[in-house]
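**Student:** Dropping the sequence and predicted coords here.
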Amino acid sequence: MRRLEKIFKAAADRNRIRILKMLEVKPMCVCELTHVLGIAQSSVSRHLGILRDAGFILDEKSGLWVTYSLAEKADDPVGTILAGLRSWGNDDPRIAEDRRQARRADRTKICRTG
């Protein structure tokens, strides 16, 4: 029961839904997500931690960045939600704009590396 509660709480936030919809487009780093969302990097990191702990996303060290991607699991409640999410919300103007910006987000131009 606690696992299901964690999963549904993680999915029940506007910014976390926006993050999941952007990660459908491509794997992204914190600074790219921050750039598109327009919120503080610490908030984005907190949202990513919640999504990771619930099993929605994976993180992988990639050179200077940690890259976040969807963790698709066919036999898990998270996989079921992610599969449904692919067809949900696509007609929402905010989601559509986020996805357009996500496609153009370039970490080498956005992120500070030093």
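**Tutor:** Arrived safely.
**Student:** Next up, identify which helix or strand the residue nearest to the spatial centre of the chain is on.
**Tutor:** The centre of the chain sits closest to Ile19, judged by Cα atoms, centre = their mean, with a distance of 3.1 Å. Using DSSP states H and E, Ile19 maps to helix 14-25.
**Student:** again with Ser45
**Tutor:** helix 41-54.
**Student:** Residues contacting that helix, please?
**Tutor:** Under the criterion Cβ atoms under 8 Å, 6 or more residues apart in numbering, residues 6-7, 9-11, 13, 15-16, 19-20, 30-31, 33-34, 37, 57-59, 68, 78 lie in contact with helix 41-54. Yep, even glycine has a C-beta here, placed from its N, CA and C like the rest.
**Student:** What is the helix holding Ile19 packed up against?
**Tutor:** With contacts defined as 3 or more Cβ pairs under 8 Å, 6 or more residues apart in numbering; DSSP states H and E, the packing partners of helix 14-25 are helix 2-11, helix 30-37, helix 41-54, strand 57-62, strand 65-70, helix 77-85, helix 93-104.
**Student:** just the ones you listed: most buried one?
**Tutor:** helix 30-37 (a mean of 21; mean count of other Cβ atoms under 10 Å).
**Student:** For it, what is the distance to the chain centroid?
**Tutor:** Centroid separation for helix 30-37 versus its chain: 10 Å, with Cα atoms, centre = their mean, to the nearest Å.
**Student:** Run the chain-centre distance for the helix holding Ile19.
**Tutor:** Centre to centre, stretch against its chain (Cα atoms, centre = their mean), the figure for helix 14-25 is 4 Å.
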